[in-house]
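K.L.:
missing the sequence, but the structure's below:
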DNA sequence: CATGAATGAGGTTTCATTCAT
DNA sequence: TATGAATGAAACCTCATTCAT
């Protein structure tokens, strides 16, 4: 998209070929992405220096700038990976069989599950959007919106056939729910008492209960 | 609390005495706090330099360091102001008269209302906690927790007398709700269609509906 | 002129107060300007690092950036000093008494004299204009043009009263002459046989001879 | 001449064989030379990166380093091409028939003409000599000097037979004249009012007039 | 109370060049 | 011939903070 380094190799989208850790097995871009994700979540984007990232990934600064145009670009790659994954999963639930209430419940629970499984991504997502360039913020927000709309459509389907209350805009319900989901990164601890599945059930329950006519 | 400059004059708690803008009418600490709040919300803590803050506040760097020990200290002051205000309001609703469901509904709607009235504070709150020193992060989290607990107690009260469902931990309900509230800073726009009061009503509705046995 | 650091102290215009060497006697900006001039002439703008400049001036990098917004700004300051000095001298000759041919000869000889006395400035002037920001290039060119116009007016005065030939545009004569003057930096060596005064006389002679009707 | 890669194929001397543009028609070295010339003139040697050159030429970095030992080598090739061309032309005029004054006038006008026809080369020539390695600077200067000497000989010839004044060293006249010529790159614009031929005539006129006894 | 010059460590990025393929 | 990933040194600059006045 007009990027001055668009000729550089693809990366980040398909990490299956060579693993996804920061060990020397994975590809250089993958290792960088992993290290960046961990560090950005751990101490924040601005508190993480490029030096720290490349050291954690075991590559040189030059190598990093060969694959990523900037530190910002690295952050953006994290966002892209998360967004793609979330959209993929939602699509699966949305197009599944079964009554809408069940599909919504499943999708709602799954997004929680996925979120706690990728807490680092979630933390970064919430905290560092404003560190992206305005253009990229917009790109992320746009994709975000598409995701929300997909979710909203499920709710509206239920409203139309009368299984969900209609005196509340589906929009509000969606933002309310995802607010809660994003917030997970602020309090959920994997080593706590609650499993991700449990939280997912509770959240889905609250959502469905809230939508009861 | 172990602060090296505890002898410095109080500030930030009471902005009523001399106005609260950044104009030359308000006191120096107030002007700094206002400028910092605006800039931190606008471009993030990390992207805001001390120079920018003092310029926006119309004071010199020396003056700033006279009132605030550090940039971090300035951020902390923002947090303190927000926390104190929120707690004050919640306390009022919690100790009011009337059935618990009504009091919860009112408090829940009010926190939304207050949040959209102070969106800048909310944005900073969500985004920049990790920029505080670990000690201060803990201080903020502790105060936060007290706030949540106060809210949780209201829900538990309702659960005990049977007006709220009990098969969901009150904790989960609280975090779910505040997740949504904090998220407001990410999408609510004062110049949009929805008033803060309307969103508050919807949110409170969803909360109460979700708690219906 | 809209410069983000316009509040910084004046510098470079008046170096008489505290000497003009790079020794510790002169002011910090003066020392920086001296060191920069020497180094830029010696090895070129791009080949000179900020580190080298501040080391030669005996100040820290931070101090330099306190007085000069950028390396570019330092170069611009060199240009400003040269331009101001040249204009001041030309004005003196232009407004002196005597026949126009004599005044032109004196001014023409003097500009050579001054140029060889400040060869470093001249070398930089010729070589590094393109390293300035476009805006500043324009500023320099504009001042340059004013200087040339002042010189051209003297020639036109002579043409009008018939002491200079009129079949050659005064413009051409001026640019031709200053081309030769600027070129001095490329070949004149202070330790060579020719004194600056001698070269000045020859150049002025050629100019006047060329203008003979 | 001591070049570590002297075994590489000849280039740059004869651009007629395969065109001289940067299009895919010309040979790789020619395309590189064209692109480099344009970019060096446009933004300066230092501001032009190897990446930009190879992109403009439509080749890869590896290809460039196959034909040119370094970026410096590319710049040197530009100098060589210019020098060879200038010397060739001067030789033609110097060895032509006719009175010395006419031959000098023709040569003087021609060098102006050629210069404005190759303004990019001229700009680079003036501006970037100091970016060459010291050895190559010397090589260029030496060739330069040979050129000047050839020109000076013409003047001395005229002085000996009494058609030129002798009270000014021919050296001075030469440097004066070429200073003016080199300066053309600083002010002459092909799209301006003056043709190169017109400027050449004026310059030659001034030169000859200046030499009148 | 307030100033503003000075610090100095650390930040991101660029770049010419090499080398295994 | 040609590729393009990788290097690593060095570049410019920012910034929170201090301190003498």
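P.N.:
That came through fine. Keep in mind the model is a prediction, meaning the values are calculated, not measured.

K.L.:
Report the contact partners of the residue sitting nearest the centre point of chain A.
P.N.:
Most central in chain A under Cα atoms, centre = their mean is residue A:82, positioned 3.7 Å from the mean C-alpha point. By Cβ atoms under 8 Å, 6 or more residues apart in numbering or on different chains, the contact list for residue A:82 reads A:118, A:121, A:122, A:125. To be clear about C-beta, it is placed using only N, CA and C from the backbone, and glycine gets the same treatment.

K.L.:
That one falls within a strand, correct?
P.N.:
No - assessed with DSSP: H, G, I helix; E, B strand; the rest coil, residue A:82 is helix; it does not lie in a strand.

K.L.:
and it, how far is that from residue A:125?
P.N.:
For residue A:82, the distance to residue A:125 equals 6 Å [Cβ to Cβ, to the nearest Å].

K.L.:
Same check on residue A:63?
P.N.:
Taking Cβ to Cβ, one finds residue A:63 at 26 Å from residue A:125.

K.L.:
These two - which one has more neighbours?
P.N.:
Remark: of residue A:63 and residue A:125, residue A:125 carries more neighbours, 22 against 16, as counted by other Cβ atoms under 10 Å in any protein chain shown.

K.L.:
Show me what the helix or strand that contains that one packs onto, helices and strands only.
P.N.:
Element membership of residue A:125 [criterion: DSSP states H and E] is helix A:119-127. Counting contacts by 3 or more Cβ pairs under 8 Å, 6 or more residues apart in numbering or on different chains; DSSP states H and E, helix A:119-127 is packed against helix A:28-43, helix A:71-94, helix A:170-187, helix B:119-127.

K.L.:
Out of those, flag the one nearest DNA strand F.
P.N.:
When these are compared by Cβ to the nearest atom of the strand, helix A:28-43 sits nearest DNA strand F, at 4.3 Å.

K.L.:
Could you tell me how far the closest one lies from the centre of the chain?
P.N.:
15 Å (Cα atoms, centre = their mean, to the nearest Å).

K.L.:
The helix holding residue A:125 versus helix A:28-43: what angle between them?
P.N.:
70 degrees (axes from the mean of the first three to the mean of the last three Cα atoms, to 10 degrees).

K.L.:
List the contacts of helix A:119-127.
P.N.:
A:37-38, A:40-42, A:44-45, A:75, A:78-79, A:81-82, A:115, A:182-186, A:188, A:190, B:126-127, B:130.

K.L.:
Swap in 6 Å and give it another go.
P.N.:
Identification of contacts with helix A:119-127 by Cβ atoms under 6 Å, 6 or more residues apart in numbering or on different chains yields A:37, A:40, A:41, A:78, A:82, A:115, A:182, A:185, B:127.

K.L.:
so where does the nearest residue to residue A:112 once chain neighbours are set aside fall, helix or strand?
P.N.:
Nearest residue to residue A:112, sequence neighbours excluded (Cβ to Cβ, 6 or more residues apart in numbering or on different chains): residue A:200, at 3.7 Å. Using DSSP H and E, residue A:200 sits in helix A:196-211.

K.L.:
and that helix, which residues are buried?
P.N.:
Within helix A:196-211, the residues that qualify as buried are A:196, A:198-211, counting by 16 or more other Cβ atoms under 10 Å in any protein chain shown.
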